[in-house]
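Chemist: here you go, sequence then predicted model.
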Amino acid sequence: MTITNQKSIKNRRILSGILTCAALALAYAPIPGLNQKIIVVSGTEFAEPLQQIETQFEQKYPQIDLELKFQGSQDIINNYIDQKNDFNPTVLIPTNAALLDELNQRWQSQNNTQAFYQQPTAIAKTFLVGIAWPERGKILFPNGKFSWQQLEKAMAAGSWQKIGGKQQWGSFDFVTTDPTRSNSGQITMNLWAKSKGNNNLNTPTVESLFSKVKRSVYLPPRSTDILLQEFIARGPNDADVATVYESIALYRWQQSGAAQNKPYQVYYLNPTVETVATAAVVRRDVNGATANAAGKFVDFLTQPEQQKVFVQYGFRPSHGNIDLLSVANSPWNQNIPGAQVNPQISTLPAPQPSVLGEIQRLWQRVQ
């Protein structure tokens, strides 16, 4: 064999090796057009669990880039319908499924089409609860049970001294979220109005209640988790009682102890509203391939391991028969004052979109 032939064979082998390596590289490299980016907009109370789940999801689906954004639940709906975001959402997860019904109704009235690719999927559940600093809770709720009547009495009195508290406690300060931006504020006002024995919001009694609460709550926060963080930071004398979701009340309970020495107590409302956080893949500016990637994410959230992550952050699972006490780091194992695995309370259905809209209009209208 001549030297020329040997060189030719060697060159062919080298070229073959290069081509094989290139083929392997192309097989495993991200292919433009196949990678998908999905933007998930969720209520702020889901920030920590979703950030934890994000890592797990992207490990399982490396071709899907997940971006998380957080807003108040009513803001999620309004910002989407009114196109106030500087990004195009793929998945919306408000705290209350009724808000997605509201979005779909508003969308259909404007576009005559369905707003979502598929039926929205329940992700996790929680209750609206009350919280109070221990000493003040004993004065306000002497029998250990939350009372709208006691709350309204204290609000009318204006100071703790007038209702049996200490003079140095100063003014009585109740906190709730802005009902025009947050679902917990909407549920708070709906339950409070119902406590007066009237389902009709358009009465002088209910209007007077809304006016009283609006004057008493200074600059209500736009979301529930922001409210709770401010409640903990401000502490007694600046924030005494609040209505929040059970989930974040349990999750942030240890923080309240670290910040204020004595952590707050949880009070279950009776009746209360069980809110079901629900995910929907939207149609506007979302193509079929992206919607398919988003569907994988929604399905991922319903799997047992992810449902257990939600439990660790104080949510009740919406899928699977998961024992709250059996989950590692479950807040129901932390002896949180007032917390119960099975509270003996009745639950009302979430307010319908028409009711939510009326609550917002009434809050804006009263002085």
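Modeler: Sure, I can see it.

Chemist: surely residue 359 is in contact with residue 179?
Modeler: Yes. Taking contact to mean Cβ atoms under 8 Å, the distance of 5.4 Å between residue 359 and residue 179 places them in contact. Any C-beta I mention is one placed from the backbone N, CA and C, and that applies to glycine too.

Chemist: what about stretch 152-171, start to end distance?
Modeler: In terms of Cα to Cα, to the nearest Å, the two terminal residues of stretch 152-171 are separated by 14 Å.

Chemist: list the buried residues of it.
Modeler: Applying a neighbour-count criterion of 16 or more other Cβ atoms under 10 Å, one finds 152, 154-155, 160, 163, 165, 169-170 buried in stretch 152-171.

Chemist: what does the average pLDDT come to for it?
Modeler: Per-residue confidence for stretch 152-171 averages out to 95 on the pLDDT scale.

Chemist: can you list contacts of it?
Modeler: With Cβ atoms under 8 Å, 6 or more residues apart in numbering as the contact definition, stretch 152-171 has outside contacts at 136, 139-140, 172, 174, 192, 209, 212-213, 216, 236-237, 240-241.

Chemist: kindly report the same for stretch 129-149.
Modeler: 150-151, 154, 160, 163-165, 169, 191-192, 195, 228, 231, 235-236, 240-246, 249, 260, 262, 264-270, 272, 337.

Chemist: if any of those are buried, give me the PyMOL selection for them.
Modeler: Buried subset of the contacts of stretch 129-149, written as a PyMOL selection, criterion 16+ other Cβ under 10 Å:
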select buried, resi 150+151+154+160+163+165+169+191+192+195+228+231+235+236+240+241+242+243+244+245+246+249+260+264+265+266+267+268+269+272
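
Chemist: before we move on, back to that, among the buried residues of stretch 152-171, which are in helices?
Modeler: Among the buried residues of stretch 152-171, the members falling in helices (DSSP state H) are 152, 154-155.

Chemist: and residue 41, how many neighbours?
Modeler: If you count neighbours by other Cβ atoms under 10 Å, residue 41 ends up with 22.

Chemist: whoops, residue 79 was the one
Modeler: As a burial measure, residue 79 scores 19 neighbours (other Cβ under 10 Å).

Chemist: now do residue 288
Modeler: By other Cβ under 10 Å, 8 other residues sit near residue 288.

Chemist: how about the one 5 residues further on?
Modeler: Residue 293: 22 surrounding residues under other Cβ under 10 Å.

Chemist: give me the nearest residue to it, chain neighbours excluded.
Modeler: In space, residue 293 comes closest to residue 36 once its chain neighbours are excluded; the distance is 3.8 Å by Cβ to Cβ, 6 or more residues apart in numbering.

Chemist: what residues are up against that neighbour?
Modeler: Counting by Cβ under 8 Å, 6+ apart, residue 36 makes contact with 63-65, 289-290, 292-293.

Chemist: and for residue 116?
Modeler: If you count contacts by Cβ under 8 Å, 6+ apart, residue 116 has them with 100, 104, 280-283.

Chemist: and it, what's its pLDDT?
Modeler: pLDDT recorded at residue 116 is 98.

Chemist: now for residue 359 and residue 179: what residues contact both?
Modeler: Shared contacts of residue 359 and residue 179, counting by Cβ under 8 Å, 6+ apart, come down to 186, 189.
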